[in-house]
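J.: Got a predicted model here, sequence first, then my questions.
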Amino acid sequence: MLLLIGAPGLLWALVILAIREPARRAAEEPTASAPIVQGTGWSRVIPIYIVVGIASLVDNAVGAWAPTLLTREFHMDRAKVGMELGIMLTAAFGGGVLVGGWLADRAGMRGAGRESCWSASSPAR
């Protein structure tokens, strides 16, 4: 069954390989107002991996233990738990992605005129 479901993905991969990459444009020189990122490589990526790993642990814990908790401690019907928890988690995760993106856009617009903590004039870390 897994191979049957995954086969169309392989076809799409072949289609994507046939797409030609557009010619690259010349890189623009950074202006004085453009932020310069301090620190590169693993020092900037490791915190992201840690946060994603912790979020994954929380997601898996909710998915594994919430139905059991609701049926054992609150004596809810399993079918009702599945439906309500599924709707609630779908709305929360989907809504969280949309609201998080909207908040990030607003924060970026609000801080656009101010100097970033990553700009050239801030002290090196």
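T.: Good, I have the coordinates.

J.: distance of the residue of the chain positioned farthest from its centre from residue 88?
T.: Ranked by distance from the centre of the chain (C-alpha atoms, centre = their mean), the top residue is residue 75, with 34.8 Å. As judged by C-beta to C-beta, to the nearest Å, residue 75 and residue 88 stand 19 Å apart. Backbone N, C-alpha and C define where each C-beta goes, glycine included.

J.: so where's the protein uncertain?
T.: Residues of the chain that meet the criterion pLDDT under 70 lie in 27-40, 112-125.

J.: can you pull out the helices in it?
T.: 2-17, 42-73, 78-110 (DSSP state H).

J.: Adding distance to residue 25, write those out as JSON lines.
T.: JSON lines is the format used below for the helices of the chain (distance: least, C-beta to C-beta, whole Å):
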{"stretch": "helix 2-17", "distance to residue 25": "22"}
{"stretch": "helix 42-73", "distance to residue 25": "26"}
{"stretch": "helix 78-110", "distance to residue 25": "24"}
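
J.: As TSV, those helices with distance to residue 23 and mean neighbour count would be great.
T.: What follows is these, written out as TSV (distance: least, C-beta to C-beta, whole Å; neighbours: other C-beta atoms under 10 Å):
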stretch	distance to residue 23	mean neighbour count
helix 2-17	18	8
helix 42-73	30	11
helix 78-110	30	11
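
J.: Mind checking those helices for the one nearest to residue 24?
T.: The minimum distance between residue 24 and those falls on helix 2-17, with 18.8 Å, by C-beta to C-beta.
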